[in-house]
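No letters, just coordinates:
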């Protein structure tokens, strides 16, 4: 009993990995020894996200028993937070009644999220175990394109008729609140569900009961359409600090809402996808430690092959000039290519991020070009001067390389300066061009930019060298 108290006393959240391992180890011991009462005591005080992490540490053979020990509401919340593989394993172990009980505790948009991760035979079981009204709502959401606002919304919101007063609205909230995802922001419509205004729970609680909703609702609302891009919707929620965003159809009828927590998930997913693409990796939703070696290989090898083959352009340029230029110039090729690639990468990542945050549009192309051109000139001038000094002092005087002279130093410095300027401009402009033609700007980030700049830097280097050294 002392061990139990030591672990569970004042434990409401798992704040680090060491604590997770300790709590998970204790839970595993309880499962092995069938100390179910103690285990229920432990998890009843924890957050659903923490319990979901425990499933990662506890052996899979105990998952079903552990899940059945969770209080009903906590079980549903934990199920939402789990990895798709764990959800699938549990669903396969559930009876139809157990599955129906879990689904009844989930909000519609959470059920849709689960369905999108499951194979067909699991989806059939989920739909079969859902109530008729839930099944209709699920099918409504599933008909929208994957990355649209319609696919992200939930149909569980509080709606008032414009003919209601505050007293009727509060009575309605008390009757339906238990099944709604949020009751803080409510929506006023006509009888045909056309959105007329928005009203908050705070307004309802502070107004006279006889006040009509049309007199206090906010008619200057912002709504999105079912076909709008979900990433743009997420940024709107973030921009205006809304708790929820109404979703309307082509006839301005209210069909659902998108809540802040879903918007945060979208922003997180899109950011992770962009990071993967900028690192030349095919995006995947599987956590690194749970991903197989084969899946990691599949996500990386196509990009490596593309980048390797594209580097043949650099090799061709190098071959074309090697017979007419001094061999000493080869010593500085890695420095020029590396610096150029880094310069282009800086610009491309900065612009790609600005595009994702809707700070930059294609119409800003000239402004971006002009800004990065000036930044490139300033960076190139500084690095060019430092490079000239470095070649003269270190390579020529300190290392006493007889093939290096002031002309070689000037060639390297000038080539580096021009390369940096060009790399900054290319790195900034390409993501905008990609966005314009419908490609993901992240694809144009570091890997491809670096490859392109490598070829450009060699071409600049050898053209400048030919002009200076063979003049």
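Okay, I see it. Fair warning: this is a prediction, and the values are worked out from it, not measured in the lab. Residues are numbered from 1 along each chain as shown.

got the residue ranges for the strands in the stretch 351-471 of the chain?
Using DSSP state E, counting those that start in this stretch, the stretch 351-471 of the chain contains no strands.

Look at residue 273 and report its pLDDT.
According to the prediction, residue 273 has pLDDT 70.

Neighbours of it, how many?
Residue 273: 17 surrounding residues under other C-beta atoms under 10 Å. Yep, even glycine has a C-beta here, placed from its N, CA and C like the rest.

Assign it to helix, strand or coil.
helix (DSSP: H, G, I helix; E, B strand; the rest coil).

Look up how far residue 352 lies from it.
Residue 273 sits 12 Å away from residue 352, going by C-beta to C-beta, to the nearest Å.

And this protein, split by domain according to the record?
With domains defined by automatic domain parsing, the chain comprises 2-147, 159-259, 311-469.

Columns distance to residue 303, mean neighbour count and mean pLDDT on top of these, output as TSV?
TSV is the format used below for the domains of the chain (distance: least, C-beta to C-beta, whole Å; neighbours: other C-beta atoms under 10 Å; pLDDT from 0 to 100):
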stretch	distance to residue 303	mean neighbour count	mean pLDDT
domain 2-147	22	16	87
domain 159-259	23	16	92
domain 311-469	7	19	84
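
Off-centre distance for stretch 97-112?
Centroid displacement of stretch 97-112 relative to its chain, using C-alpha atoms, centre = their mean, to the nearest Å, is 25 Å.

Figure out the length between the terminal residues of it.
The straight-line separation of the ends of stretch 97-112 (C-alpha to C-alpha, to the nearest Å) is 19 Å.

So what touches that stretch?
Stretch 97-112 is contacted by residues 68, 72-73, 75-76, 79-80, 91, 94, 114, 125-126, 129-131, 134, 137-138, 141-142, 151-156, 181, 259, 262 when judged by C-beta atoms under 8 Å, 6 or more residues apart in numbering.

Let's see that with 7 Å instead.
72-73, 75-76, 79-80, 91, 125-126, 129-130, 134, 137-138, 141-142, 153-156, 181, 262 (C-beta atoms under 7 Å, 6 or more residues apart in numbering).

So which of those belong to helices?
Using DSSP state H, the subset of the contacts of stretch 97-112 located in helices is 72-73, 75-76, 79-80, 91, 125-126, 129, 134, 137-138, 141-142, 262.

which ones are touching the nearest residue to residue 379 once chain neighbours are set aside?
Spatially, and ignoring its direct neighbours in sequence, residue 379 is nearest to residue 420 (5.4 Å; C-beta to C-beta, 6 or more residues apart in numbering). The neighbours of residue 420, taking C-beta under 7 Å, 6+ apart as the test, are 339-340, 343, 376, 379-380, 383.

Pick the one among those closest to residue 453.
residue 340 (4.5 Å; C-beta to C-beta).

Please identify the helix or strand for the closest one.
Following DSSP states H and E, one finds residue 340 within helix 333-356.

Just give me how far that helix sits from the chain centre.
That offset, for helix 333-356, works out to 21 Å (C-alpha atoms, centre = their mean).

hmm, who's touching that helix?
270, 274, 278, 360, 368, 372, 379, 383, 415-416, 419-420, 423-424, 426-428, 430-432, 435, 441-442, 444-446, 449-450, 453-454, 457-458, 461.

How about stretch 255-270?
Contacts for stretch 255-270 (C-beta under 7 Å, 6+ apart): 109, 149, 152-155, 157, 181-182, 226, 230-231, 233-234, 237-238, 243-249, 356.

cutoff 6 Å now
Defining contact as C-beta atoms under 6 Å, 6 or more residues apart in numbering, one finds that stretch 255-270 is touched by 152-155, 157, 181-182, 230-231, 233-234, 237, 243-247, 249.

Which of these fall in strands?
244-247 (DSSP state E).

Mind jotting down where the helices sit in the stretch 51-200 of the chain?
63-69, 72-81, 84-93, 96-105, 108-117, 120-129, 132-142, 149-152, 166-176 (DSSP state H, counting those that start in this stretch).

what does the average pLDDT come to for the strand or helix carrying residue 306?
Using DSSP H and E, residue 306 maps to helix 293-310. For helix 293-310, mean pLDDT rounds to 74.

by contact count, what packs against it?
If you count contacts as 3 or more C-beta pairs under 6 Å, 6 or more residues apart in numbering; DSSP states H and E, helix 293-310 packs onto helix 446-469.

mind listing the helices for the stretch 301-450 of the chain?
Using DSSP H, counting those that start in this stretch, helices in the stretch 301-450 of the chain cover 312-321, 333-356, 365-390, 406-436, 446-469.

if we can go back for a sec, relative to helix 446-469, how tilted is the helix holding residue 306?
Orientation check (axes from the mean of the first three to the mean of the last three C-alpha atoms, to 10 degrees): helix 293-310 against helix 446-469 gives 20 degrees.

Pull the distance from helix 293-310 to the chain's centre.
Distance, centroid of helix 293-310 to centroid of chain: 22 Å (C-alpha atoms, centre = their mean).

got it, and stretch 371-381?
Distance, centroid of stretch 371-381 to centroid of chain: 31 Å (C-alpha atoms, centre = their mean).

Contacts for it next, please.
Outside of stretch 371-381, the residues within contact range by C-beta under 6 Å, 6+ apart are 347, 417, 420-421, 424-425, 428.

next one: stretch 392-405
So stretch 392-405 is contacted by 328, 409 (C-beta under 6 Å, 6+ apart).

and that stretch, how far apart are its ends?
Using C-alpha to C-alpha, the end-to-end distance of stretch 392-405 comes to 7 Å.

now it: how far from the chain's centre is it?
Distance, stretch centre to chain centre, for stretch 392-405: 49 Å (C-alpha atoms, centre = their mean).

Stretch 139-151 too?
So, by C-alpha atoms, centre = their mean, the centroid of stretch 139-151 is 19 Å from its chain's centroid.

next one: stretch 78-95
For stretch 78-95 - counting by C-alpha atoms, centre = their mean - the centre lies 23 Å from the chain centre.

if we can go back for a sec, the helices of the stretch 51-200 of the chain into CSV, with extra columns for distance to residue 407?
Below are the helices of the stretch 51-200 of the chain laid out as CSV (distance: least, C-beta to C-beta, whole Å):
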stretch, distance to residue 407
helix 63-69, 71
helix 72-81, 65
helix 84-93, 63
helix 96-105, 76
helix 108-117, 63
helix 120-129, 70
helix 132-142, 69
helix 149-152, 62
helix 166-176, 82
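
Nearest to residue 328 among these would be which one?
Of all the helices of the stretch 51-200 of the chain, it is helix 84-93 that lies closest to residue 328, at 57.0 Å by C-beta to C-beta.

Counting neighbours, what do you get for residue 304?
Using other C-beta under 10 Å, residue 304 has 13 neighbouring residues.

Would you enumerate the residues in contact with it?
Counting by C-beta under 6 Å, 6+ apart, residue 304 has no contacts.
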